[in-house]
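*Asks:* Need the 3D shape of this:
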Amino acid sequence: MFALPGSAMDVLENMEGDNVLNLSRMNLETLAALEDMSEEKRKETHQLLLTHNRFTVFPGNAACLSNLLFLDISSNGLAHICDQILGLSKLKTLIAKNNRMDEFSLPKDFGKMNLEVVNFSGNRFEEVPPQLLELQRLKSLSLGGNRLKTIPAEIENLTSLELLYLGGNGIQSIPPELANLPYLSYLGLCDNHIQGLPPQLAQLNSLRSLSLHNNLLTYLPQEILNLVRLQELSLRGNPLVVRFVKDFIYNPPSLLELAGRIVKSRNFQYSRKDMPANLVSYLDSASKCPNPKCAGVYFDSCVRHIKFVDFCGKYRLPLMHYLCSPQCYSPCSSNSQSDCDSDEEFNIPQHRMQKVLLG
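*Replies:* The predicted structure follows:
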């Protein structure tokens, strides 16, 4: 990739074999110079960079680059994309960040393109244009830093989507239809006004990163623990963390369990000669509390405990601890890693540890 000083014609004449035409920062308003470009060079051009110019309307003659795969027209005054862009039948990536586009800026048949990556962050969209929801091959959609208030239920139509970034908008709620995206692995919802998440999000089996920082979340659905592939959960700037830990329901142990705990914790000997077979089976089913400072056991009643572990200024989250009682642990300081903050305390396998960014 290169850009030589001078006119656009200089760049065209010196274009080399890397198939990238860089016309950024040249104060351009049109692409008239492309008319003088040889047919061979047009076919060889796979990437076109037009950032930081003065385009208010998409330059239609860019459609002569019939093999174009990548187009970046960010940081212009772009307010409208004309129908000529539909001629770029091979275009896979369209980046148009930091412009003046809104939901009326796209051509009617924009949804028929074969785009896989669209980045319209930093524009003026108040709604997600319906044309974007028709891009069947779309894998990455970025609409951060716009003026969105809602996410349409039709987002579920983007069944190939792997990345969805909607940070920096005014979104207040998440439609449950978002959970119908089978390949979604990154979901960015930070810097919005979201107060809660639908439990259906637990169906996002491919989700690896969920960015929720700087919202108004006061709770998370407990179903989120079913996201077994989740590797990073960003929660900083929300008031939910303490409540998330404390809201798990603890059912007190029955008299049977209390008696069983005493038998097991005091190592009383028992056999089928001493009691019915069903009671022997019950006692044999005891689970040892994983807290090394506790010698207790549990049967049916346990505490599901989320533990935040300090790690180099960030946080990692074991998906779940099963403790024998609410008194089995004491809160640890988040400013230092004490004995109770060590990974060894509960012997959680590394692959079950998740990053939780709290600050």
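
*Asks:* Go through the protein and flag its longest helix.
*Replies:* Assignment by DSSP state H gives helix 255-265 as the longest helix of the chain.

*Asks:* Identify the residue spatially nearest to residue 301, adjacent ones excluded.
*Replies:* Nearest residue to residue 301, sequence neighbours excluded (CB to CB, 6 or more residues apart in numbering): residue 253, at 4.0 Å. In short, each C-beta sits where N, CA and C put it, glycine included.

*Asks:* where does the closest residue to residue 86 other than its chain neighbours sit relative to residue 81, distance-wise?
*Replies:* In space, and not counting its chain neighbours, residue 86 is closest to residue 109: 5.8 Å by CB to CB, 6+ apart. The gap separating residue 109 from residue 81 is 11 Å, by CB to CB, to the nearest Å.

*Asks:* just residue 49 next, same as before
*Replies:* Going from residue 49 to residue 81 by CB to CB gives 17 Å.

*Asks:* Check residue 271 too.
*Replies:* According to CB to CB, residue 271 and residue 81 sit 80 Å apart.

*Asks:* One more: residue 174?
*Replies:* Noted for residue 174: a distance of 28 Å to residue 81, by CB to CB.

*Asks:* swap in residue 110?
*Replies:* Counting by CB to CB - residue 110 and residue 81 are separated by 7 Å.

*Asks:* same question, residue 189
*Replies:* According to CB to CB, residue 189 and residue 81 sit 26 Å apart.

*Asks:* Give me the more crowded residue out of these two.
*Replies:* Shown here are residue 189 and residue 81; by other CB atoms under 10 Å, residue 189 has more neighbours (25 against 21).

*Asks:* What pLDDT is listed against that one?
*Replies:* Per-residue confidence (pLDDT) for residue 189: 97.

*Asks:* next one: residue 300
*Replies:* pLDDT for residue 300: 80.

*Asks:* Name the SS class of the nearest residue to residue 192 once chain neighbours are set aside, please.
*Replies:* Nearest residue to residue 192 in three dimensions, chain neighbours excluded: residue 171, at 4.2 Å (CB to CB, 6+ apart). What DSSP: H, G, I helix; E, B strand; the rest coil gives for residue 171 is coil.

*Asks:* show me the contacts for residue 171.
*Replies:* Going by CB atoms under 8 Å, 6 or more residues apart in numbering, residue 171 touches 148, 149, 150, 151, 189, 192, 193, 194.

*Asks:* so residue 179 touches residue 200, yeah?
*Replies:* Yes - using CB atoms under 8 Å, residue 179 is in contact with residue 200, at 3.9 Å.
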